[in-house]
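Q: Provided below for reference: sequence and predicted model.
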Amino acid sequence: MPPTSDVVVDITWQPEKADHRTAVRAALITPARKVAWIILVSFMGLLLILMLLVALTTGDFHVGYRALAAMAAGVLGPFVLPALLVEMAWRSSPAVRQPARARIDPHVGITFTQGGTSTLHTWAAIGRIRETDTLFLVGLAAHKGINIPLPKRSLTSPAQVEYLRYLFQNFLARN
């Protein structure tokens with residue numbers, strides 16, 4: 001039997017760098033991007049083999065080293081860039097380190113408060129919701145790059161996690 005959808009959930013948490021890292025990874029790594037990344041790595045592997053064959057036949061290994069460095073940057077970029085972005089934001093913006101609060105109202109939407117600023121995101125303004133092991137990631141429809149992490153550790157019981165999962169699935173079914 002589904003839980004009642006009239007319960008308003010208030011959660012409060014102290015943001016952690018790991019929350020933001022997980023949010024950035026979840027936002028960047030979608031199934032379509034995984035396929036594109038596999039294709040890119042395969043293509044770069046073929047280029048590497050071709051460059052090694054050219055280097056072995058011509059004896060010029062300097063071009064191969066530069067190309068290998070460029071390929072390594074292309075392959076490692078998706079792993080390094082999210083951590084770098086989070087680290088820069090964490091250090092440069094004290095607001096992301098302030099305690100946060102979210103009020104999830106099944107009839108209205110999600111009110112997010114941090115650093116003295118409250119913003120109401122109605123259900124119509126929410127474009128997508130992803131779930132990871134440690135958080136729910138709420139994405140805004142009008143701003144594809146804006147995602148609000150709601151850490152599961154801030155919920156008081158597994159029943160609250162199930163209730164939010166139920167609310168978010170109903171939201172996705174309606175929209």
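A: Happy to help now that I have it.

Q: what pLDDT does Leu120 get?
A: Here, the pLDDT recorded for Leu120 equals 94.

Q: what's the neighbour count on the residue nearest to it when sequence neighbours are not counted?
A: The shortest distance from Leu120 to any non-neighbouring residue, by C-beta to C-beta, 6 or more residues apart in numbering, is to Thr111 (4.9 Å). To be clear about C-beta, it is placed using only N, CA and C from the backbone, and glycine gets the same treatment. For Thr111, the neighbour count with other C-beta atoms under 10 Å is 17.

Q: and if you look at the one 10 residues further on?
A: As a burial measure, His121 scores 21 neighbours (other C-beta under 10 Å).

Q: could you do Ser118 as well?
A: 11.

Q: mind listing what the helix or strand containing it pairs with, with the direction of each?
A: Assigned by DSSP states H and E, Ser118 belongs to strand 117-122. If you go by DSSP bridges, strand 117-122 pairs up with strand 109-114 (antiparallel).

Q: what sits up against the partner strand?
A: The contact list for strand 109-114, computed with C-beta atoms under 8 Å, 6 or more residues apart in numbering, reads 15, 95-96, 98-105, 118-126, 138, 148, 150.

Q: of those, grab the buried ones for ChimeraX.
A: One line in ChimeraX is enough to select the buried members of the contacts of strand 109-114, burial here meaning 16 or more other C-beta atoms under 10 Å:
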select :15,96,100,102,103,104,105,121,123,126,138,148,150
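
Q: among the contacts of strand 109-114, which are in strands?
A: The strands, defined by DSSP state E, take in 100-105, 118-122, 126, 138, 148, 150 from the contacts of strand 109-114.
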